[in-house]
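Colleague: pasting the sequence and the predicted model now:
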Amino acid sequence: MTMPPANSALARGQGVALWRQIAGSLEAEIAAGGLAPGARLPTEAELTARFRVNRHTVRRAMEELENRGLVRVEQGRGSFVAEDVLDYPLGPRTRFSETIRRQNREPQGRIIRLEEMPAESHIAELLKLRRGQPVVLAERLGLVDGRPMVLGGHYFPAARFPGIVALLAADASITRALGQLGVPDYRRLVTRITARMPTPEEAALLEQARTRPVLVTEAVNVDAAGTPVEASIGRYAAGRTQFVVES
């Protein structure tokens, strides 16, 4: 992309760092709509030529914009204007696909890991199992309009749902899988929310910088009798997600 020459002249020797001026110029273009959400920004070489500075100065400006959540940097793909933050309601009946479709966005789920394992203490407590009893872990990446939004670790009692691995391998929908296994509906019992910095793997899967936090949810879903059917640990891209707690 070739940037317009307007506002490209920098005030040199007047006490304002050049990288701050570059960041301010790009921020103004984003605010004015000249760079739309999701649009690819110019390359480092193009910005260097436009502002007549070295690459280090351009990188410092881009780091500032990224740290402020105005742009996102994808390794190997370039820099993009950050998209609007999506409201994600948390209530008694929280369903990823339904929530996204209600906002006229396109949801998608991708299973990236499926395995049976002994339940560690905390997961066993959430599911009301004994420590070491078998659980099925489904690691699922939830996308909105093709962009990763949440990385969820979903745990199910293996003894109750012996066919869930095959079902999720064929179809990433947890709601449909549980429906076929005798749980036509379920409700959210509790959700706990914290925040932390992502691991390198989480940052890569969510396509976000390691310097941006993730919102972490710990949730338990129960059936009509109040028995836990799923415990989940969700890691949401904080720059794209805003939780709305519903009663």
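Modeller: It's in. Numbers count the residues shown, from 1 in each chain.

Colleague: restrict stretch 211-219 to CA atoms and write it as PDB.
Modeller: Coordinates of each C-alpha in stretch 211-219 appear next as PDB, following Å, rounded to 0.1, in the frame of the first residue of the first chain:
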ATOM      1  CA  THR A 211       2.700  -7.700  25.000                       C
ATOM      2  CA  ARG A 212      -1.100  -7.600  25.000                       C
ATOM      3  CA  PRO A 213      -3.000  -9.500  27.700                       C
ATOM      4  CA  VAL A 214      -5.600 -12.200  27.400                       C
ATOM      5  CA  LEU A 215      -8.900 -12.300  29.300                       C
ATOM      6  CA  VAL A 216      -9.200 -15.700  31.000                       C
ATOM      7  CA  THR A 217     -12.500 -17.300  31.900                       C
ATOM      8  CA  GLU A 218     -13.100 -20.300  34.100                       C
ATOM      9  CA  ALA A 219     -16.600 -21.700  33.600                       C
END
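
Colleague: any idea of the mean pLDDT for it?
Modeller: Per-residue pLDDT over stretch 211-219 has a mean of 92.

Colleague: then stretch 181-201?
Modeller: The model assigns stretch 181-201 a mean pLDDT of 95.

Colleague: tell me how the chain divides into domains.
Modeller: Domain assignment for the chain, taken from automatic domain parsing, gives 18-81, 86-245.

Colleague: give the contact list for Arg59.
Modeller: By C-beta atoms under 8 Å, 6 or more residues apart in numbering, the contact set of Arg59 is Glu44. All C-beta atoms are positioned from the backbone trio N, CA, C, and that covers glycine.

Colleague: quick one: it from Arg140, how far?
Modeller: 35 Å (C-beta to C-beta, to the nearest Å).

Colleague: list the buried residues in the strand or helix carrying Tyr88.
Modeller: Using DSSP states H and E, Tyr88 maps to strand 86-90. Buried residues in strand 86-90, counted by 16 or more other C-beta atoms under 10 Å: Leu86, Tyr88, Pro89.

Colleague: just to revisit the earlier point, got CSV for the domains of the chain, with distance to Ala9 too?
Modeller: Shown next, in CSV, are those (distance: least, C-beta to C-beta, whole Å):
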stretch, distance to Ala9
domain 18-81, 9
domain 86-245, 30
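
Colleague: quick one: which of the ones you listed is nearest Ala11?
Modeller: Among these, the nearest to Ala11 by C-beta to C-beta is domain 18-81 (6.6 Å).

Colleague: may I have the distance across the closest one, first residue to last?
Modeller: Start to finish, the residues bounding domain 18-81 are 21 Å apart (C-alpha to C-alpha, to the nearest Å).

Colleague: ok, now stretch 92-105?
Modeller: End-to-end distance for stretch 92-105, by C-alpha to C-alpha: 22 Å.

Colleague: thinking again about what came up before, Gly153: which of the buried residues of strand 86-90 is nearest?
Modeller: Checking the buried residues of strand 86-90 against Gly153 by C-beta to C-beta gives Tyr88 as the nearest, at 17.3 Å.

Colleague: contact partners for the closest one?
Modeller: Tyr88 sits next to Thr99, Tyr236, Thr241, Gln242, Phe243, Val244 when contact means C-beta under 8 Å, 6+ apart.

Colleague: helices and strands of the chain: which one has the lowest mean pLDDT?
Modeller: The helix or strand of the chain with the lowest confidence, counting by mean pLDDT, DSSP states H and E, is strand 71-74 at a mean of 80.

Colleague: okay, buried residues for that strand please.
Modeller: Under the neighbour-count criterion of 16+ other C-beta under 10 Å, strand 71-74 has Val71, Arg72, Val73 buried.

Colleague: does the last one touch Glu66 like I think?
Modeller: Yes - at 5.5 Å, Val73 counts as touching Glu66 under the criterion of C-beta atoms under 8 Å.

Colleague: thanks a lot, catch you later.
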